[in-house]
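Visitor: Just to be clear, the model below is a prediction. Sequence and coordinates:
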Amino acid sequence: MNKSASRLADTSAADIEFPLLIKAVMIDLDGTLLDTAGDLAAAANMMLRELGRAELPLETIQSYIGKGIQKLVKRSLTGSLDDEPDAELFDKAMPIYERDYAKTLCVNTRPYPGVIEGLNALREANFRLACVTNKAEAFTLPLLRATGLFDYFDIVLSGDSLPKKKPDPMPLLHACTHFDILPHEMLLIGDSLNDAEAARAAGCHVFCVPYGYNEGRDVRELDCDAIVTSVYDATKLIQKLS
Ligand SMILES: O=C(O)COP(=O)(O)O
Ligand SMILES: [Mg+2]
């Protein structure tokens, strides 16, 4: 299989040969495994209502997903990606959001097409599997259990499992150490700039899916090794290195 045949879009990655020979796969949660935007947005709007503020459209809140729940709350309060809300308002909003998201956590959240098939194929091929997300652990673990995905993973690293989260390479390097493999023997499948930057900084391979949440930006802008239509499609571009 050559490089161009395996790509759905052109990216700026260096020339690499497919199938990639790797030992383990890390997969992002929000926007890659699970379509969580509806439930995250419902909780954000419940919070905004309780604070007497205007609700936001789903697409706007979807563009705020990616850097964890604290950032989602800050962005929902300010209506911008980078502004800081009033500290007192944020301190009031955060526990409201956490309470509301615990209620909406798995109302409409479902695995994307190709996720279960992809995880089964990865397991059959004996890849070690990690879930690496910026979502806080208190939400990640119940969500993985409720959607039946938890048992596929050897390790789950959430946004607050380690001192730093994506786009820092720390969780990716932690997973490599956990599996006792080198970064170039590891692939991350993700949906956003946070995944692509973390993978490049760690020296891991990275594929991106086009259906997720890239903070409102086109996934084709990302520096990744391939854009794959689904987690299942990603399995066709890799081979297990023993
Ligand atoms: O919690 C978020 O904002 C994003 O989480 P993710 O890393 O699973 O995409
Ligand atoms: Mg994501």
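Guide: The structure has been received and is ready for your questions. Ligands and ions are numbered 1, 2, ... in the order given.

Visitor: which stretches of the chain have low pLDDT?
Guide: Across the chain, the ranges flagged by pLDDT under 70 are 1-14.

Visitor: and it, which of its residues are near ligand 1?
Guide: 28-31, 65-69, 72, 133-135, 159, 166 (CB under 6 Å from any ligand atom). Bear in mind the C-beta positions are built from the backbone N, C-alpha and C, glycine included.

Visitor: Just the buried residues from those residues, in PyMOL please.
Guide: Per 16 or more other CB atoms under 10 Å, the buried members of those correspond to this PyMOL selection:
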select buried, resi 28+29+30+31+65+66+67+68+69+72+133+134+135+159+166
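
Visitor: ok, now which ones touch E197?
Guide: For E197, the contact set (CB atoms under 8 Å, 6 or more residues apart in numbering) comprises K166, P167.

Visitor: Check L33 too.
Guide: Applying CB under 8 Å, 6+ apart, we find L33 in contact with I27, P111, Y112, V115, C131, T147, L149, V231.

Visitor: Spit out the contact partners of the spatially closest residue to the third one that is not a sequence neighbour.
Guide: Leaving aside its sequence neighbours, Y112 sits nearest to D35 (CB to CB, 6 or more residues apart in numbering; 5.7 Å). Contacts for D35 were tallied using CB under 8 Å, 6+ apart; they are N108, T109, R110, P111, Y112.

Visitor: quick one: which of these is nearest ligand 2?
Guide: The shortest approach to ligand 2 among the contacts of D35 belongs to Y112, at 11.2 Å (CB to the ion).

Visitor: From D30, how far out is the closest one?
Guide: Taking CB to CB, to the nearest Å as the measure, Y112 falls 11 Å from D30.

Visitor: cool, R217 as well?
Guide: For R217, the distance to D30 - CB to CB - is 15 Å.

Visitor: Equivalent analysis for K240, please.
Guide: From K240 to D30 the distance is 27 Å (CB to CB).

Visitor: Quick check on the closest residue to ligand 2 within the chain: phi, psi?
Guide: Nearest residue of the chain to ligand 2 (CB to the ion) works out as G31 at 3.7 Å. When read as degrees, to the nearest 10, the backbone of G31 gives phi 90, psi -10.

Visitor: Nearest residue to it in space, ignoring adjacent ones along the chain?
Guide: Computed as CB to CB, 6+ apart, the closest residue to G31 that is not its neighbour in sequence is G212, at 2.7 Å.
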